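Novice: need a 3D model of the following:
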Amino acid sequence: MADYRIKVLVADDNRGMRRIVSSVLRTARFGDVIEAVDGIEACSAIIRVQPDLLICDLEMPMMGGLDVARWVRSAAESPDPFLPMILMTSVATKAGVGAARDAGYDEVLAKPLTAEALYRRIEAVTLRRRPFVRIGRYFGPCRRRGVAPNNEAVGERRGSADTLELT
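Specialist: Numbers count the residues shown, from 1 in each chain. Take a look at the predicted model:
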């Protein structure tokens, strides 16, 4: 198995979940795996270690996953607004996934997770990264998932000016 030299930050208030994700990453021989117990510690770790990937839980005390994403994408103190980010959640509803995308997450991973699902999300945010867009107050990965043969975005409606409107 290859030895991937990337730093991964895993933020989750549940110690067991942090350990599971970290163990899967270490087994796959990812580089450094750093753990954070909440969003505030995650933001501090992002400044301190500048990870290559963030895997973050949705619901954490003090500062939740959506606030972490907004901080990464827009705060002046954020060292990397382009940081690849995966949100983990046990509430993977359509509205929840939409909220994660609106906050700037690249991918969403439903709990309980599997190693295969985690690897697929990591591959998506590293090898098949979507371009970034700035539309109004939104900055992050383009939310359009694919392009149909007629060049229309799949899963999104295009406006008359061919822009994505977010409210």
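Novice: show me the helices in the protein, by range?
Specialist: Counting by DSSP state H, residue ranges of the helices within the chain are 15-27, 39-49, 65-74, 94-103, 115-126.
Novice: list the contacts of the last one.
Specialist: Right, the one you point to is helix 115-126. Outside of helix 115-126, the residues that reach it under the criterion C-beta atoms under 8 Å, 6 or more residues apart in numbering are 6, 21, 24-25, 27-28, 53, 55, 84-86, 106-107, 109-110. All C-beta spots, glycine's among them, are computed from the backbone N, C-alpha and C.
Novice: ok so, going back, most packed of the helices of the chain?
Specialist: Each of the helices of the chain was scored by mean neighbour count; the highest is helix 65-74, a mean of 22, by mean count of other C-beta atoms under 10 Å.
Novice: what's in contact with that helix?
Specialist: In this structure, residues lying in contact with helix 65-74 by C-beta under 8 Å, 6+ apart are 11, 39, 42-43, 46, 54, 56-59, 63, 77-78, 80-81, 83, 85, 87-89, 99-100, 103-105, 139-140.
Novice: with stretch 13-26 instead?
Specialist: 8, 10-12, 33, 35, 37-38, 55, 57, 59-61, 88, 111, 113, 115, 118.
Novice: buried ones among those?
Specialist: Among the contacts of stretch 13-26, those that count as buried by neighbour count (16 or more other C-beta atoms under 10 Å) are 8, 10-12, 33, 35, 37-38, 55, 57, 60, 88, 111, 113, 118.
Novice: what is the most widely separated pair among the residues you listed?
Specialist: The most widely separated members of the buried ones among the contacts of stretch 13-26 are 38 and 118, with 20.8 Å between them, by C-beta to C-beta.
Novice: point out where the chain drops to low pLDDT.
Specialist: When residues are selected by pLDDT under 70, those of the chain lie in 1-4, 145-167.
Novice: spatially nearest residue to residue 34 (excluding sequence neighbours)?
Specialist: Distances taken as C-beta to C-beta, 6 or more residues apart in numbering place residue 9 nearest to residue 34, at 4.9 Å, with adjacent residues excluded.
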